[in-house]
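Participant: need coordinates for the below:
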Amino acid sequence: SLFDEPLAIAVQGLGPRQQVTLRTSLRDETGELFQASARYQAGDDGQLDLARCPALPGGSFSGLEPMGLLWALQPQKPFWRLVKRDVQSPFLLQLEVFEGHAERPGRLLAQAQHERAFLRDGVRRVPVREGRIRATLFLPP
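Facilitator: So this is what the prediction gives:
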């Protein structure tokens, strides 16, 4: 998906009202780790849809925040900022589902990777250098 588009996150196959912790992580271009986590409880049908299920207190955020696992990403190194220097390569987001709500992650139940791209397919990136002007022009397909 594109970095500025909403991401739908859902987990299927859990037990009825099962408690789980979801964690996202990514590494920036320097290798620095950013992470966020949230505690959830699946519905009676074992489904967990972050657009309908609020995060419970005790994680990086709480409440109904479908994109919370992305906007709450925090660096492991204090005062570090998430900056994308090369927009031609995507960020690789790791998603993990752990059993329970313990401080230390429980058993890993599921994991997935998702690419968050900055350029739509076919967009051309043209460097501009004219006099003292330095810029980048992005042209649609």
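Participant: and the helices in this protein, which stretches?
Facilitator: 68-71 (DSSP state H).
Participant: show me the residue at the heart of it, geometrically.
Facilitator: Leu70 (3.7 Å; Cα atoms, centre = their mean).
Participant: distance check, it against Ser37.
Facilitator: Relative to Ser37, Leu70 is positioned 12 Å away (Cβ to Cβ, to the nearest Å). For glycine as for every other residue, the C-beta is placed from the backbone atoms N, C-alpha and C.
Participant: overlap of the contact sets of these two?
Facilitator: Thr24 (Cβ atoms under 8 Å, 6 or more residues apart in numbering).
Participant: from what I see, the residue nearest to the centre of the chain and Leu7 are in contact.
Facilitator: Yes: at 6.5 Å, Leu70 counts as touching Leu7 under the criterion of Cβ atoms under 8 Å.
Participant: give me the buried positions along stretch 33-44.
Facilitator: The neighbour-count check on stretch 33-44 (16 or more other Cβ atoms under 10 Å) flags Phe34, Gln35, Ala36, Ser37, Ala38, Arg39, Tyr40, Gln41, Ala42 as buried.
Participant: common neighbours of Leu70 and Leu7, please.
Facilitator: By Cβ under 8 Å, 6+ apart, no residue touches both Leu70 and Leu7.
Participant: what is the neighbour count of Val11?
Facilitator: 21 (other Cβ atoms under 10 Å).
Participant: what's the closest residue to it other than its chain neighbours in contact with, if anything?
Facilitator: Nearest non-adjacent residue to Val11, counting by Cβ to Cβ, 6 or more residues apart in numbering: Leu48, 4.2 Å away. The contact partners of Leu48, taken as Cβ under 8 Å, 6+ apart, are Ala10, Val11, Gln12, Leu14, Val20, Tyr40, Gln41, Ala42.
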